[in-house]
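*Asks:* this one's sequence-less:
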């Protein structure tokens, strides 16, 4: 079945460091791919998405490119801030499916 | 205006009790979900309703029963609560097809003592 694998955390970075959180997927068709962010004590918020190969999703300085050849959707940010500390989830949904598959989440802590 | 709202935000109760969590969405979405998030942040789908019809019913103890009185509401009733039910429960909604992802509620932290 469809699944998402993301790098295990926790990840600890200093402010202004470069961030990469790896995400790879397994799917039988052509899924849409998502990154969600969960701040402490809150629900998940959609951060960015991509619906077809080579699409780049971007939001708040974060980017991820849908790479069909490597079945990946890695999240990147050039310069992280303390306020980016959160748990990040990679997810996919197949067309005509009614649920979404989530990765295990990666906790990011950014220190001043 | 809150798009997906859950109540209560916190729920502390004793083993053996019965409790309900309510969820409402004002986005006009067709599909609603319940997810359970454990202490390690792992998200597991429990149920999904599309236009009041149950479409996903994962392997969940039958002490958990969802109810959808209309497509804007999806409630979760839990009978005979156990310690292992302690978790954060998230409601979510989406348009059919999921191209635009989910909108999540802020969660209900359930603690069974």
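*Replies:* Done, it's in. Predicted model only: the values in this text are computed from it and were never measured. Numbering: from 1, shown residues only, chains lettered A, B, ... in the order given.
*Asks:* Could you check how far residue B:76 is from chain A?
*Replies:* Residue B:76 sits at a distance of 15 Å from chain A (criterion: C-beta to the nearest C-beta, to the nearest Å). The way it works is simple: take the backbone N, C-alpha and C, and place the C-beta from them, glycine included.
*Asks:* The one helix or strand in chain A whose mean pLDDT sits lowest: how far from the chain's middle?
*Replies:* Least confident helix or strand, chain A: strand A:101-102 with a mean of 90, by mean pLDDT, DSSP states H and E. Centre-to-centre, strand A:101-102 and its host chain are 11 Å apart (C-alpha atoms, centre = their mean, to the nearest Å).
*Asks:* by contact count, what packs against it?
*Replies:* strand A:3-6, strand A:86-93 (3 or more C-beta pairs under 8 Å, 6 or more residues apart in numbering or on different chains; DSSP states H and E).
*Asks:* at 6 Å instead, please
*Replies:* Counting contacts by 3 or more C-beta pairs under 6 Å, 6 or more residues apart in numbering or on different chains; DSSP states H and E, strand A:101-102 packs against strand A:86-93.
*Asks:* What residues does chain A have near chain B?
*Replies:* A:32, A:34, A:42-44, A:46, A:49, A:51, A:87, A:93, A:98-99, A:102, A:104-105 (C-beta under 6 Å from any C-beta of the partner chain).
*Asks:* Now tell me which of the residues you listed the prediction trusts least.
*Replies:* Ranked by pLDDT, those bottom out at residue A:98 (69).
*Asks:* re the thing from before, and the least confident helix or strand of chain A, which strands flank it?
*Replies:* Here strand A:101-102 is paired, per DSSP bridges, with strand A:86-93 (antiparallel).
*Asks:* Show me what the partner strand is in contact with.
*Replies:* The contact list for strand A:86-93, computed with C-beta atoms under 6 Å, 6 or more residues apart in numbering or on different chains, reads A:4, A:6, A:21, A:23, A:25, A:31-39, A:100-103, A:105-107, B:41, B:98.
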